[in-house]
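Chemist: Provide a 3D model corresponding to the input given below.
(2 chains)
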Amino acid sequence: MAWTVASWNVNSLKVRLPQLLEWLAHHRPDAVALQETKLEDDKFPALELAAAGYQVVFAGQKTYNGVALLARDPIEACAYGLPDFADEQKRVLSGTVNGIRVIDLYVPNGQSVGSEKYAYKLNWLAALERWLEQELRQYPNLVVLGDFNIAPADEDVHDPWEWEGQVLFSEPEKAAFHKLIELGFVDSFRRFPHPPKTFSWWDYRLNAFKRNRGLRIDHILVSKALAARLSGSLIDVAPRTLERPSDHAPVLTTID
DNA sequence: ATGGTAGAAACTCTA
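Modeler: Sure, this is the predicted structure:
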């Protein structure tokens, strides 16, 4: 039986809940990782999602960040945050669904190369790498997905020359992404053919979506054991065409 | 040309 997992940076779950419910009804993914919920936990729409057939776990805060996992079957052994990296920002949430360990990430944006937030991003990614090395040993069936805020290769950027050296596409960020891959992950999207210039995020400004001036910064990495079972991958741009969209499109991967 | 838009919240920060 095929198993589908998705990731979507919703940029405010309060605003995007109607779009999310519609999207869940249409795609019926088995597990979903959300980022930028921007909700404190007492405001999380657990009842609405339960009515849609999803169990939920979440780690939120006011105004910024916030992650959540949704699944049709129970989410077990939940864990919060990066170990050995004290952080008030709610960016990491883990759980086991249908025997597959799922880690939802909202990687720091980094703001601009050389800024304090950029240094925080690189330190955060180094801590992530150390942790995922251990997680891979513990969980052979491991999915790490979310908003990585890194476009890993030229093919993932509408204009690599324009973006060269910029945050989301700087060499240290790309190096950090490739070190994650080298731990033993596969970028599920690139296991299947896609049209050129397929992206997952477009700036709200300057008609970037209409002009397809996007980046592919949302990723679903799967361990080698799961990579052998991949049967498809997709970025669903439809929600980005709606009124009042998130700036990110959902990404999906199916495992047989 | 260093802009512009969106979200949350509070007249600014983050992305």
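
Chemist: Please verify my assumption that residue A:167 contacts residue A:113.
Modeler: Yes: assessed by C-beta atoms under 8 Å, residue A:167 is found in contact with residue A:113 at 5.3 Å. Bear in mind the C-beta positions are built from the backbone N, C-alpha and C, glycine included.

Chemist: who's more crowded, these two?
Modeler: residue A:167 (19 against 16; other C-beta atoms under 10 Å).

Chemist: Ignoring the adjacent residues along the chain, who's closest to that one?
Modeler: Nearest residue to residue A:167 in three dimensions, chain neighbours excluded: residue A:110, at 4.6 Å (C-beta to C-beta, 6 or more residues apart in numbering).

Chemist: Near that neighbour, how many other residues are there?
Modeler: 25.

Chemist: How about the one 4 residues further on?
Modeler: Other residues within reach of residue A:114, judged by other C-beta under 10 Å, total 11.

Chemist: next one: residue A:154
Modeler: 13.

Chemist: what sits against it?
Modeler: residue A:160 (C-beta atoms under 8 Å, 6 or more residues apart in numbering).

Chemist: The longest helix along chain A and DNA strand B, any residue contact?
Modeler: Taking DSSP state H as the criterion, chain A has its longest helix at helix A:116-138. Yes: Helix A:116-138 is in contact with DNA strand B by C-beta under 7 Å from any atom of the strand, via residue A:117.

Chemist: List the buried residues in stretch A:199-218.
Modeler: With burial defined by 16 or more other C-beta atoms under 10 Å, the residues of stretch A:199-218 counted as buried are A:199, A:200, A:201, A:202, A:208, A:209, A:213, A:214, A:215, A:216, A:217, A:218.

Chemist: and it, does that touch DNA strand B?
Modeler: Yes: counting by C-beta under 7 Å from any atom of the strand, DNA strand B is contacted by stretch A:199-218 at A:204, A:205, A:206.

Chemist: any idea how far the nearest residue to the first one once chain neighbours are set aside lies from DNA strand B?
Modeler: Yep, that's residue A:204 we're talking about. Counting by C-beta to C-beta, 6+ apart, the nearest residue to residue A:204 once its immediate chain neighbours are dropped is residue A:247, at 5.4 Å. Per C-beta to the nearest atom of the strand, to the nearest Å, residue A:247 is found 7 Å from DNA strand B.

Chemist: Count residues in the vicinity of residue A:247, would you?
Modeler: By other C-beta under 10 Å, 18 other residues sit near residue A:247.

Chemist: Run through the residues that contact the residue in chain A that DNA strand B sits nearest to.
Modeler: Residue nearest to DNA strand B within chain A: residue A:12 (3.0 Å; C-beta to the nearest atom of the strand). Going by C-beta under 8 Å, 6+ apart, residue A:12 touches A:36, A:37, A:38, A:39, A:246.

Chemist: Let's have these in TSV, adding pLDDT.
Modeler: As requested, the contacts of residue A:12 are exported to TSV (pLDDT from 0 to 100):
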residue	pLDDT
A:36	98
A:37	98
A:38	98
A:39	97
A:246	98
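
Chemist: Closest to residue A:104 out of those residues?
Modeler: residue A:37 (10.6 Å; C-beta to C-beta).

Chemist: Could you say which helix or strand holds residue A:198?
Modeler: Under the criterion DSSP states H and E, no helix or strand holds residue A:198.

Chemist: could you list every residue that touches it?
Modeler: Residue A:198 touches A:216, A:235, counting by C-beta under 8 Å, 6+ apart.

Chemist: what phi and what psi does the backbone show at it?
Modeler: The phi and psi values for residue A:198, taken as degrees, to the nearest 10, are phi -100, psi 120.

Chemist: do you know how far the one residue sitting closest to the centre of chain A is from residue A:135?
Modeler: In chain A, the residue lying closest to the centroid (C-alpha atoms, centre = their mean) is residue A:146, at 1.1 Å. Between residue A:146 and residue A:135 the distance, using C-beta to C-beta, to the nearest Å, works out to 14 Å.

Chemist: Alright, calling it a day.
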